[in-house]
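Trainee: Generate coordinates for the sequence data below:
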Amino acid sequence: MTDLDALDARLREALVREPRVSHALAYGSRTQVDARGLPLGDRWSDLEYWAFLAGGASLDPFAFLGSLVPVALAVVNPFGTPNVVLPDLTRVELHVVPGACLEEVAGWPNAGGDPGAMILKDKGGRLREVLARRATSPPFETTLPGPQAEYDGVLHGLVFGSAVLARGEELRAWDGMSWVRAGLLRLARSADGAPQPLNPARRAEWDLSDCWYRALRETGSGVEAARAYLRALELSGALAGVLGLNPRREVRAALGARLASLTPTPPPSLPTREGG
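Mentor: Predicted coordinates for the structure are as follows:
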């Protein structure tokens, strides 16, 4: 058993023993397997839990976790969820909600997850029933927009990003590139027939063919923003060709012209001196 396994077991046991918690579940990579049935969790995985409270009960997630683990940092993330970071940089996330929220679990995206590995505490069996209904909902992949809609969204992101870049807002353009790259990842996964996880960047290094992976890296590794956008436009065209999509040539031509005008021209090579 690894240190992370031991920590996970201790936190799971504490949630089970906590009388104010009527239902509890674990989620994230440590409850999931890949297409080959191999665990997705590893030594870098976070520990993530949901605690559903009995009627009228209250529980401070930071106080609860602080009584169990050494806390080096405690924050509420941008999604409103309490998180703590341990001295060894393990991150623990704990949602604490009223028991009335249990029914909402049935509407979570069906992205896999073994109910047997997820359920920690299930007073009356309601959690198992809710997770069973979630498992019968359409798989997450089938709820995504089709490749053409995804491609059109990429072009839209490139239009927006190129406009703020032309204005001189380079950092804002880089921020917008994250949305463009997410769409390109979805398209590359479609082209390869690869899985479509909730986060399209998840395990992309293992899921994507080398050509798409290298092209995606070139949209953000060591280049100017304008050149990254131009490479993203080129990659979107290649993916559209493979997937048989309408390339929207008029938009592509206008985008290409705008980005070419923003792309710095490489300096001329200096002449070399021959001989001594």
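Trainee: The stretch 151-276 of the chain: strands as residue ranges?
Mentor: With DSSP state E, counting those that start in this stretch as the definition, the stretch 151-276 of the chain shows no strands.
Trainee: Poorly predicted segments of the stretch 151-276 of the chain, please.
Mentor: 265-276 (pLDDT under 70).
Trainee: Any idea which residue is closest to the centre of the protein?
Mentor: Centroid check for the chain by CA atoms, centre = their mean gives N199 as the closest residue, at 2.8 Å.
Trainee: What does that one show for phi and psi?
Mentor: For N199, the backbone dihedrals (degrees, to the nearest 10) come out as phi -100, psi 110.
Trainee: Next one: it from V85, what distance?
Mentor: Distance of N199 to V85, computed by CB to CB, to the nearest Å: 20 Å. Where you see a C-beta, it was placed from the backbone N, CA and C, and this is true even at glycine.
Trainee: Then D60?
Mentor: 17 Å.
Trainee: Equivalent analysis for P139, please.
Mentor: Taking CB to CB, one finds P139 at 33 Å from V85.
Trainee: which one of those two has more residues nearby?
Mentor: V85 (16 against 13; other CB atoms under 10 Å).
Trainee: Tell me the bridge partners for the more buried one.
Mentor: On the basis of DSSP bridges, V85 is bridged to L73, R91.
Trainee: Excluding its own residues, what touches stretch 12-20? List them.
Mentor: 21, 24, 26, 49, 51, 53-54, 57-59, 64, 68, 120-121 (CB atoms under 8 Å, 6 or more residues apart in numbering).
Trainee: Most neighbours among these, which one?
Mentor: A24 (26 neighbours).
Trainee: can you give me the helices in the stretch 51-200 of the chain?
Mentor: 61-66, 115-118, 126-135, 147-167, 170-192 (DSSP state H, counting those that start in this stretch).
Trainee: List just the one of those helices that sits closest to R258.
Mentor: helix 147-167 (5.1 Å; CB to CB).
Trainee: can you map out the strands along the stretch 1-150 of the chain?
Mentor: 21-27, 47-53, 73-76, 82-85, 91-98, 119-122.
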